[in-house]
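Q: Pasting the sequence and the predicted coordinates here, then a few questions.
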Amino acid sequence: MDITQIIIRKRFNAGGLAAVATVIFDDALAVHDIKIVFRHDGTLMAVMPKDEQGRDVVHPLKSSFRSTIEGEISKKLF
């Protein structure tokens, strides 16, 4: 599964939240409302969208795939 587009929907200049993004995979699947937050060490972390009870709606099953998503979003942000 390849990332074919990243849309930064909103950027924030203060606080721990850096942005809200949409990531499109294979021009076929869109994941909206991914929050991009700063970790304590200054790196970025993708927080997947949650339902009303706070449970992930979608999430990567492998940490390497999460790292890929975070890296590609980071490139788009900076």
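A: That came through fine.

Q: Please count neighbours and contacts with C-alpha atoms only from this point.
A: Will do.

Q: does residue 38 have beta-bridge partners, and which?
A: Per DSSP bridges, residues listed as beta-bridge partners of residue 38: residue 44.

Q: quick one, strands of the chain?
A: 3-11, 17-25, 29-38, 44-47 (DSSP state E).

Q: any idea which of those strands is most buried?
A: Of the strands of the chain, the one with the most neighbours on average (mean count of other C-alpha atoms under 10 Å) is strand 44-47, at a mean of 20.

Q: Give me the packing partners of that one, helices and strands only.
A: Counting contacts by 3 or more C-alpha pairs under 8 Å, 6 or more residues apart in numbering; DSSP states H and E, strand 44-47 packs against strand 29-38, helix 63-77.

Q: do you know which of the strands of the chain lies nearest residue 67?
A: strand 44-47 (8.5 Å; C-alpha to C-alpha).

Q: one step back: so for residue 20, which of the helices and strands packed on strand 44-47 sits nearest?
A: Within these, the stretch nearest residue 20 is strand 29-38; the backing value is 4.6 Å (C-alpha to C-alpha).

Q: Which parts of stretch 41-54 count as buried, going by neighbours?
A: In terms of neighbour count (16 or more other C-alpha atoms under 10 Å), stretch 41-54 has its buried residues at 44, 45, 46, 47, 48, 49.

Q: Save the residues you listed as CSV, and put in distance to residue 58 and pLDDT too.
A: Below are the buried residues of stretch 41-54 laid out as CSV (distance: C-alpha to C-alpha, whole Å; pLDDT from 0 to 100):
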residue, distance to residue 58, pLDDT
44, 18, 90
45, 15, 94
46, 12, 94
47, 10, 95
48, 6, 96
49, 7, 96
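
Q: Of all pairs in the residues you listed, which one is the farthest apart?
A: Maximum distance among those (C-alpha to C-alpha): 15.9 Å, for 44 and 49.
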